[in-house]
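1. Okay, structure incoming, though there's no sequence with it:
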């Protein structure tokens, strides 16, 4: 249902986005927002805003500890269309390179430029300031298939 | 999704909490379970656990990757500025003795062991009949040419032992009455104390003045009353020592050294980044049985007096190796600096235009000391000169890179009389 709409909008995504976001910035609307966070078995999180259909993506604290000191983060370009499971970038520590795979399908609307200057943010604040990118979901139902925090905790303890 | 895609060469066998996407999950789990059952322990296993080490499988052993919450970069920098202690007891220590032991070792390696002074070490290579490297090794002449101390890689234990056994049996059959005796020093401890402050730590503990023991020399000393073999050298590019300790005293002496001011325990993670900055090879990644010492940039281990087709006691693979010395090898191990993303093992190297594939990366990291992305790999001859521009493919994108001299970080070996610096 949403897929044809997405492709129709794609050429003008940037323009439409700014047009759409403006009314939603009103305080009365945002008061009703409920942002829920879900996780993947590969230690990423997505914080989804149903009002904007936008998800913020990052890696979990568990992942940043496993990686060690992050020295380089490669992010997708804004506007890139991605499918769930696509490789969209990488996080590099001294010991390893780790691919970032899209946890959901959609269009990348923004990336965390601060990580370019300060990749260590990913270690210091993996679930807030160290976010990776924002994705406008093409199929919000995908979000519901990800793990809730209890299931993710269970996954980590059993991994 | 998120997964460790290309674990650093040293850590390849380590099961990380982040799974690898390239290995099907079921197979990955089986592999880890099997490794966990069979892993060997060094005499320091309990010591590491008591120091909050994160233990991982490496070369068939459970080894410390890092200690407590100390990150790899912090550990790495500590070795470059102070003194770090590594457990390398997983490596194989051997003694070869007997009247033909020098000739026996020279029949396996291209080194001029005959001209090596007593209590002196050299890097060498065990060669197969095709001139490929079975393993790299440190060979130390003891008091005279009839006593040798040899250290080989744990990851090559099976191949090395089979090779040495076969060659020794044949040798002793031909040299009746002048046999070589081979003893593996199983259970002995081996510590590497590395960093500019290593000498300040070891001198008082051993009551030995190391001013006259430069890089490459070794000495028997007493530490806490225990006779230990100390070789000045290591795998980091820093001044340092490798200390061989009898089994019953390994824990005690490790505790003593660890308790000294400025000493930190360092795991495998930093060991890999330190050796890479020092331009040193890791067998199984930068070296394998197809690679000759000339291709590997190790021509210097081939003794001058052995580079003659008519020299006595020819080494294995002599004809290929002498031809490569004369005409140049078809590929060479060189260093690279890459712009943007770090290149890791397996990344393809292309010429400057990006059109032609001309080599492959064998190890690479973002260098903690330099802040740049460094790597080593094999490149087709003709493209190997310092400053040559190439392209290296990382995650399907070609990145600008340039051939660089190694070591990436200047070595600071002790050359004697208080002088620290790169070897002449």
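-> The structure has been received and is ready for your questions. Owing to the predicted nature of the structure, the values given are computational and were not obtained by experimental measurement.
2. Could you use CA atoms for every contact and neighbour count after this?
-> OK.
3. Now that residue B:222 has come up, it's in contact with residue B:230, right?
-> No. Using Cα atoms under 8 Å, residue B:222 is not in contact with residue B:230, being 9.7 Å away.
4. More neighbours: those two, which one.
-> Neighbour count, other Cα atoms under 10 Å in any protein chain shown: between residue B:222 and residue B:230, residue B:230 has more, with 25 against 15.
5. which residues does that one bridge with?
-> Note on residue B:230: beta-bridge partners by DSSP bridges are residue B:219, residue B:243.
6. got a list of what it touches?
-> Counting by Cα atoms under 8 Å, 6 or more residues apart in numbering or on different chains, residue B:230 touches B:218-221, B:241-244.
7. swap the cut-off to 10 Å and go again
-> By Cα atoms under 10 Å, 6 or more residues apart in numbering or on different chains, residue B:230 lies in contact with B:119, B:190-192, B:202, B:206, B:213, B:217-222, B:240-245.
8. Kindly write the PyMOL command that selects the buried subset of the residues you listed.
-> This is the PyMOL syntax for the buried subset of the contacts of residue B:230, where burial follows 16 or more other Cα atoms under 10 Å in any protein chain shown:
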select buried, chain B and resi 119+190+191+192+202+206+213+217+218+219+220+221+240+241+242+243+244+245
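9. Measure how buried residue B:177 is and give me the count.
-> 11.
10. didn't it look like it was pressed against residue B:171?
-> No. With contacts counted by Cα atoms under 10 Å, residue B:177 stays clear of residue B:171, the gap being 11.5 Å.
11. Which residues are in contact with each of the two?
-> Common contact partners of residue B:177 and residue B:171 (Cα under 10 Å, 6+ apart): residue B:100.
12. Let's verify the residue of chain B positioned farthest from its centre: helix, strand, or coil?
-> In chain B, the residue that sits farthest from the middle, by Cα atoms, centre = their mean, is residue B:177; the gap is 35.5 Å. Put simply, residue B:177 is coil when judged by DSSP: H, G, I helix; E, B strand; the rest coil.
13. Now for it: which residues touch it?
-> By Cα under 10 Å, 6+ apart, the neighbours of residue B:177 are B:98-100.
14. Next one: the residue most central in space within chain A from chain B, what distance?
-> With distances taken as Cα atoms, centre = their mean, the residue of chain A nearest its centroid is residue A:57 (1.8 Å). Distance, residue A:57 to chain B, by Cα to the nearest Cα, to the nearest Å: 10 Å.
15. Show me the beta-bridge partners of that residue.
-> As assigned using DSSP bridges, the partners bridged with residue A:57 are residue A:46, residue A:133.
16. Distance of it relative to residue A:104?
-> 9 Å (Cα to Cα, to the nearest Å).
17. Need the overlap of contacts for these two.
-> Common neighbours of residue A:57 and residue A:104 (Cα under 10 Å, 6+ apart) are A:46, A:135.
18. Okay, and residue A:139 sits in which element?
-> Under DSSP states H and E, no helix or strand contains residue A:139.
19. That one against residue A:55, yeah?
-> No. Applying Cα under 10 Å as the test, residue A:139 and residue A:55 come out as separate, 11.3 Å apart.
20. Pull out the buried residues from stretch B:219-238.
-> Applying 16+ other Cα under 10 Å to stretch B:219-238 flags B:219-221, B:223, B:228-238 as buried.
21. now do the same end-to-end measure for it.
-> End-to-end distance (Cα to Cα), stretch B:219-238: 19 Å.
22. cool, stretch B:202-215 as well?
-> OK, stretch B:202-215 end separation, Cα to Cα: 15 Å.
23. Residue B:330: how many residues sit nearby?
-> 13.
24. Now it. Nearest residue, chain neighbours left out?
-> In space, and not counting its chain neighbours, residue B:330 is closest to residue B:381: 5.3 Å by Cα to Cα, 6 or more residues apart in numbering or on different chains.
25. how many neighbours does the one you found have?
-> Neighbour number of residue B:381 under other Cα under 10 Å is 16.
26. try residue B:187
-> 18.
27. so it, which of the three states?
-> Per three-state DSSP, residue B:187 ends up coil.
28. shouldn't it be in contact with residue B:88?
-> No. Counting by Cα under 10 Å, residue B:187 stays clear of residue B:88, with 11.9 Å between them.
29. Can you tell me the closest non-neighbouring residue to the residue of the stretch 201-350 of chain B found nearest chain A?
-> The nearest approach of the stretch 201-350 of chain B to chain A comes at residue B:269, 6.6 Å away (Cα to the nearest Cα). Using Cα to Cα, 6+ apart and skipping the chain neighbours, the partner closest in space to residue B:269 is residue B:65 (5.4 Å).
30. which residues in chain B form helices?
-> Ranges of helices within chain B are B:25-38, B:45-50, B:72-81, B:101-108, B:157-174, B:198-206, B:250-258, B:268-277, B:318-327, based on DSSP state H.
31. Just send the ones you listed back as a markdown table, with mean pLDDT too.
-> Below are those laid out as a markdown table (pLDDT from 0 to 100):
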| stretch | mean pLDDT |
| --- | --- |
| helix B:25-38 | 46 |
| helix B:45-50 | 98 |
| helix B:72-81 | 97 |
| helix B:101-108 | 98 |
| helix B:157-174 | 98 |
| helix B:198-206 | 97 |
| helix B:250-258 | 98 |
| helix B:268-277 | 97 |
| helix B:318-327 | 98 |
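32. Confirm residue A:156 sits in a strand?
-> No. Counting by three-state DSSP, residue A:156 falls outside a strand, being helix.
33. what's the neighbour count on it?
-> 16.
34. Give the burial count for residue B:318, as a bare number.
-> Neighbours around residue B:318, by other Cα under 10 Å: 20.
35. and if you look at residue A:34?
-> Residue A:34: 11 surrounding residues under other Cα under 10 Å.
36. Assumed it was part of a strand.
-> No. Counting by three-state DSSP, residue A:34 is not found in a strand; it is coil.
37. Now do the contacts for the residue nearest to it when sequence neighbours are not counted.
-> Ranked by Cα to Cα, 6+ apart and with sequence neighbours excluded, the top spatial neighbour of residue A:34 is residue A:49, at 6.9 Å. Residue A:49 is in contact with A:30, A:33-37, A:55-56, A:136-137, A:140, counting by Cα under 10 Å, 6+ apart.
38. Quick check: residue A:49 vs residue A:36, distance?
-> 7 Å.
39. overlap in contacts of these two?
-> Common contacts of residue A:49 and residue A:36 (Cα under 10 Å, 6+ apart): residue A:55.
40. Ramachandran coordinates for residue A:149?
-> Main-chain torsions, residue A:149, degrees, to the nearest 10: phi -60, psi -30.
41. so how far is the first residue of stretch B:48-64 from its last?
-> 7 Å.
42. Ignore what I typed, I meant stretch B:382-402.
-> 14 Å.
43. What residues sit buried inside that stretch?
-> Quick answer for stretch B:382-402 (16+ other Cα under 10 Å): B:383-384, B:389-394, B:398-402.
44. Redo these as JSON lines? Include pLDDT.
-> Shown next, in JSON lines, are the buried residues of stretch B:382-402 (pLDDT from 0 to 100):
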{"residue": "B:383", "pLDDT": "98"}
{"residue": "B:384", "pLDDT": "98"}
{"residue": "B:389", "pLDDT": "98"}
{"residue": "B:390", "pLDDT": "98"}
{"residue": "B:391", "pLDDT": "98"}
{"residue": "B:392", "pLDDT": "98"}
{"residue": "B:393", "pLDDT": "97"}
{"residue": "B:394", "pLDDT": "95"}
{"residue": "B:398", "pLDDT": "97"}
{"residue": "B:399", "pLDDT": "97"}
{"residue": "B:400", "pLDDT": "98"}
{"residue": "B:401", "pLDDT": "98"}
{"residue": "B:402", "pLDDT": "98"}
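45. I figured residue A:115 was touching residue A:58, is that so?
-> No. Residue A:115 is beyond contact range of residue A:58, at 11.6 Å (criterion: Cα under 10 Å).
46. Compare these two (neighbour count), which wins?
-> Set side by side, residue A:115 and residue A:58 show more neighbours around residue A:58, with 28 against 21, by other Cα under 10 Å.
47. Once you drop chain neighbours, what's closest to the more buried one?
-> residue A:131 is the one closest to residue A:58 (Cα to Cα, 6+ apart), at 4.5 Å.
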